[in-house]
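J.: the sequence and its predicted three-dimensional model are supplied below.
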There are 2 protein chains.
Amino acid sequence: MITILRIGHRICRDKRITTHVALVARAFGADNILIDNEDKKIEETIRSTCNRFGGDFKIETGVNRKKILREWDGNIVHLTMYGDELGKSISKIDKKKDLLVIVGAEKVPPNIYEAANFNISVGNQPHSEVAALALFLDRYTDGKWQNKKFNGKIEILPSSSGKRVISKDK
Amino acid sequence: MITILRIGHRICRDKRITTHVALVARAFGADNILIDNEDKKIEETIRSTCNRFGGDFKIETGVNRKKILREWDGNIVHLTMYGDELGKSISKIDKKKDLLVIVGAEKVPPNIYEAANFNISVGNQPHSEVAALALFLDRYTDGKWQNKKFNGKIEILPSSSGKRVISKDK
């Protein structure tokens, strides 16, 4: 099971970035996302997406981050531009264990680096936690997110021009 | 040369998402980004990053998008959740030609689908243009963005714990 833990979420400032983090988590094969600060609006947005597009992705906000880290039974990866190389690190992670991926907003306290078994960078340039999570999950799942079936009420079919949408919600 | 064209940018609403798009463009091997609506603040933010972290990435806002599309000499890729499969599409793109990658905000007019040689989806689930651009550039460059040297005043070295930063700005 893959769980994402979003920390340092600020309701106003991070609304859209955290929404993108959650949607990426869902699309790239994670099972759920936990967000430290309570935000009912983001919960609604993500549940509405799941309701329409399928899958059993879960979201919870207002979680106790210290308790989660203390009690986590499995690996903990912290994505940071200061971390170790993605390619080098990923082969060291035992995939049989549950995985918690920590995605920080701008400032991350030092104890997060210590709580993680793996501090991993997707390149050492500043870019985006949204992109870092997507690349990490792509590599971690060996690209298998591409084959995942969501069985949603709405299904989008690949198309080289225009839009092909199947709607089962009649 | 790889150019990103960000369209439909709304200064207030898209500020942070477009900034992430620009930073991803820079980190994942694009040469420049053009943004349709003028936004001096984003120009400043990105130039400040380039000044500190290096490379010769360029940004321009307030560009004439119709003119760019009409006069573009090379391939045009439009990233959209309605597009054709990434893996299938990418091998068809002639990499010897210059590339323009269109990254839309929420609503994209139909003529963009027509202007593009390739409408490409990074999965057909809703997620994020930030993630879509990162994955597309990763595949398009065969992961070579990871070897790019930026020679910035600030250089971050990979580290499994804590931060290792070289600052040449003395």
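T.: That came through fine.
J.: helix/strand/coil for residue A:83?
T.: strand (DSSP: H, G, I helix; E, B strand; the rest coil).
J.: that one contacts residue A:117, correct?
T.: No. In this structure residue A:83 lies outside contact range of residue A:117 using Cβ atoms under 8 Å: 11.6 Å. C-beta: built from backbone N, CA, C; applies to glycine.
J.: the two - which one has more neighbours?
T.: residue A:83 (26 against 18; other Cβ atoms under 10 Å in any protein chain shown).
J.: tell me who's in contact with the more buried one.
T.: Residue A:83 makes contact with A:89, A:118, A:119, A:120, A:121, B:158, B:159, B:160 under the criterion Cβ atoms under 8 Å, 6 or more residues apart in numbering or on different chains.
J.: list the buried residues for the helix or strand hosting the first one?
T.: Okay, so that is residue A:89. Per DSSP states H and E: residue A:89 is located in helix A:86-90. By 16 or more other Cβ atoms under 10 Å in any protein chain shown, the buried positions in helix A:86-90 come out as A:86, A:89, A:90.
J.: rebuild these as JSON lines, extending it with distance to chain B.
T.: Shown next, in JSON lines, are these (distance: Cβ to the nearest Cβ, whole Å):
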{"residue": "A:86", "distance to chain B": "8"}
{"residue": "A:89", "distance to chain B": "8"}
{"residue": "A:90", "distance to chain B": "13"}
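J.: go through those and name the one nearest residue B:73.
T.: Nearest to residue B:73 among those is residue A:86, at 34.9 Å by Cβ to Cβ.
J.: from residue A:145, how far off is the residue lying closest to the closest one once chain neighbours are set aside?
T.: Leaving aside its sequence neighbours, residue A:86 sits nearest to residue A:122 (Cβ to Cβ, 6 or more residues apart in numbering or on different chains; 5.2 Å). Computed with Cβ to Cβ, to the nearest Å, the distance linking residue A:122 and residue A:145 is 16 Å.
J.: so between the two, which is more surrounded?
T.: Taking neighbours as other Cβ under 10 Å, residue A:122 and residue A:145 compare with residue A:122 leading, 29 against 20.
J.: before we move on, what SS does the residue nearest the centre of chain A have?
T.: Per Cα atoms, centre = their mean, the C-alpha nearest to the average position across chain A is that of residue A:25, at 3.1 Å. Three-state call for residue A:25 (three-state DSSP): helix.
J.: residue contacts, it?
T.: For residue A:25, the contact set (Cβ under 8 Å, 6+ apart) comprises A:4, A:32, A:33, A:57, A:133, A:137.
J.: next, format the buried residues of helix A:86-90 as a markdown table and append distance to residue A:76 and pLDDT.
T.: As requested, those are arranged in a markdown table below (distance: Cβ to Cβ, whole Å; pLDDT from 0 to 100):
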| residue | distance to residue A:76 | pLDDT |
| --- | --- | --- |
| A:86 | 16 | 96 |
| A:89 | 13 | 95 |
| A:90 | 14 | 94 |
